[in-house]
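K.L.:
got a predicted model here, sequence first, then my questions.
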Amino acid sequence: MELPKARAVLPELRFVDSVDSTNLTLQREYASLPDFSALAAAEQTAGQGRAGRSWVSEPGASLSVSLLLRPKRTEISSLITLLMAISAQQALTELFDELTVSIKWPNDLLIGEKKLAGILAAANPDQSVVVGIGINLSEQSAPETAVALGEFVAADFDSVLAALLGKLQKNWLRLQESSDTQWLIEDLRANCSTLGAEVRAELVTGESIVGRAIDITNDGRLKIESDQVHVLSAADVWHIRR
């Protein structure tokens, strides 16, 4: 795939037709890669989701791209998943102004209540971070809770990838060069459909919290009000109702 639009944004972009996982590939190569190294693929044979789940990525039906990021400050690392979510949401809504795409904290993009994209990040031993996103371009054998861009708009791989890389590059530079992160949190709050929803959060400890999502803190954590206010750094979150 030539990808002229995407390579105009990032000439060093690597593309493969098929790979086990774009995230795993960059995690294997991290020691030799510079900041903002990107690998895109039209198919993943072992795509990853949160908590060890698989991510469906059939040939030509989705866009998978991962980046190796090298934060200049340690506090940036915890914001990288949210940065990818915000950048992808901005890119898609600017590219397709007829779409309403929202963020489900911390790592999904939704159209309505159906999942359009999923994000996964992993830290490397040298404190660099690999972050990847999978975006459904057309319908595939995914769960009924999934949705694809092609159900609403004419979405091609190159245009979507170029828009995403351009927005992410701009936002990453801004995050790296300034200690101000309030712009990122404000954008997240404005476009996060989790806020105001009744949710169920499954913690890594196995604990389940049911309550109302009331805020996102200035460092990106989710506040849920139930019998008390819980502040979550990471969890699997399901919207029960809005």
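P.N.:
Great, that's in hand.
K.L.:
what about His239, how many neighbours?
P.N.:
The number of residues packed near His239 is 16, by other C-beta atoms under 10 Å. Using the backbone N, CA and C atoms, a C-beta is placed for each residue, glycine as well.
K.L.:
likewise Gln182?
P.N.:
Around Gln182 there are 8 residues (other C-beta under 10 Å).
K.L.:
list the contacts for it?
P.N.:
Listed by C-beta atoms under 8 Å, 6 or more residues apart in numbering, the contact partners of Gln182 are Asn218.
K.L.:
repeat for Leu175
P.N.:
By C-beta under 8 Å, 6+ apart, the contact list for Leu175 reads Ile76, Leu79, Leu83, Thr181, Leu184.
K.L.:
check Thr25 too.
P.N.:
The contact partners of Thr25, by C-beta under 8 Å, 6+ apart, come to Val19, Leu39, Ser66.
K.L.:
in the host helix or strand of it, what's buried?
P.N.:
Element membership for Thr25 (DSSP states H and E) is helix 22-29. Neighbour counts over helix 22-29 (16 or more other C-beta atoms under 10 Å) mark Thr22, Asn23, Leu24, Thr25, Leu26, Gln27 as buried.
K.L.:
next secondary structure after that helix?
P.N.:
strand 37-44.
K.L.:
my guess is Leu13 meets Leu165, correct?
P.N.:
Yes. Using C-beta atoms under 8 Å, Leu13 makes contact with Leu165 at a distance of 7.2 Å.
K.L.:
which residues do the two both contact?
P.N.:
Ala6, Ala38.
K.L.:
pLDDT weak spots in this structure?
P.N.:
Low-confidence segments of the chain, defined by pLDDT under 70: 47-58, 141-143, 242.
K.L.:
and the helices in it?
P.N.:
Residue ranges of the helices in the chain, as given by DSSP state H, are 4-9, 22-29, 80-95, 157-177, 182-191.
K.L.:
can you add distance to Gly220 and give those helices back as JSON lines?
P.N.:
Compiled in JSON lines, the helices of the chain are given as follows (distance: least, C-beta to C-beta, whole Å):
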{"stretch": "helix 4-9", "distance to Gly220": "26"}
{"stretch": "helix 22-29", "distance to Gly220": "20"}
{"stretch": "helix 80-95", "distance to Gly220": "5"}
{"stretch": "helix 157-177", "distance to Gly220": "12"}
{"stretch": "helix 182-191", "distance to Gly220": "7"}
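K.L.:
care to break the chain down by domain?
P.N.:
For the chain, the structural domains run 4-189, 194-241, going by automatic domain parsing.
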